[in-house]
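>>> Give me a 3D structure for the following:
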Amino acid sequence: MRDMEEKEQTIGKRIKELRIQKLHMSQVDFADIIHVSKQTLYKYESGIITNIPYSKIEAIAKVCNVSPAYLMGWED
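This next block holds a predicted model:
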């Protein structure tokens, strides 16, 4: 069942999980690194904003050391 839940993760949940579990970083610090406001990062992570610009997806992926495809849920 856990595998199914992981595959159904949204991009926002993946971003939040990576930020907290892998980088141990606050929203403020992570938002500064990817050049967005804390409020925008919150909206990405909570799913309020779902059409995240590709430039931001690339920046997030680079900081988290994952592929953009992983963030999008296209690969595990």
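>>> for the closest residue in space to Val36 that isn't next to it in sequence, what are its contacts?
Spatial nearest neighbour of Val36, excluding adjacent residues (CB to CB, 6 or more residues apart in numbering): Lys56 at 6.6 Å. All C-beta spots, glycine's among them, are computed from the backbone N, C-alpha and C. Residues in contact with Lys56 (CB atoms under 8 Å, 6 or more residues apart in numbering) are 34, 36, 44.
>>> Let's see if you can find the most crowded of those.
Tyr44 (24 neighbours; other CB atoms under 10 Å).
>>> Ile57 against Leu71, yeah?
Yes: counting by CB atoms under 8 Å, Ile57 does reach Leu71; the two are 5.7 Å apart.
>>> Which strand or helix spans the residue nearest to Val36?
In the assignment (DSSP states H and E), Lys56 maps to helix 54-64.
>>> just checking, what packs against the following helix or strand past that helix?
Next along the chain after helix 54-64, taking DSSP H and E as the criterion, comes helix 68-72. The contact analysis (3 or more CB pairs under 8 Å, 6 or more residues apart in numbering; DSSP states H and E) places helix 68-72 against helix 11-17, helix 54-64.
>>> Within its local environment, how many residues does the closest residue to Lys13 other than its chain neighbours see?
The shortest distance from Lys13 to any non-neighbouring residue, by CB to CB, 6+ apart, is to Glu45 (7.4 Å). When neighbours are counted by other CB under 10 Å, Glu45 registers 21.
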